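Chemist: everything below, folded, please.
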Amino acid sequence: MQSRKASLLEVSLNVGTGYFLALATQAVVFPWLGIEVSLWEGAGLAGIFTGISILRGYVFRRAFNYFTEERTV
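Modeler: Residues are numbered from 1 along each chain as shown. Next up, the predicted model:
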């Protein structure tokens, strides 16, 4: 079973790289949609979604580890 610390590290690295992808995507897509945000506003928005994704990923990872762990009686 994966430790809690390893789960958090894995999810953080996975979602953290998504943060930079989100910034790049916003820089391209927002202007196409006529949405104007500053770099700081875009970074803040991406940061909020990144934090939510880390929490979501961690909870799901721990739940799957819990429910798939072989239980010894």
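
Chemist: okay, buried residues for the helix or strand where residue 17 lies please.
Modeler: Using DSSP states H and E, residue 17 sits in helix 4-32. Under the neighbour-count criterion of 16 or more other CB atoms under 10 Å, helix 4-32 has 7, 8, 11, 15, 18, 19, 22, 23, 26 buried. For glycine as for every other residue, the C-beta is placed from the backbone atoms N, C-alpha and C.

Chemist: cool, stretch 29-49 as well?
Modeler: Neighbour counts over stretch 29-49 (16+ other CB under 10 Å) mark 42, 43, 46 as buried.

Chemist: from residue 62, how far off is the closest residue to the first one other than its chain neighbours?
Modeler: When the adjacent residues along the chain are set aside, residue 42 lies closest to residue 26, with 4.7 Å between them (CB to CB, 6 or more residues apart in numbering). With the distance defined as CB to CB, to the nearest Å, residue 26 ends up 30 Å from residue 62.

Chemist: what about residue 50, how many residues nearby?
Modeler: Counted with other CB atoms under 10 Å, the neighbours of residue 50 add up to 20.
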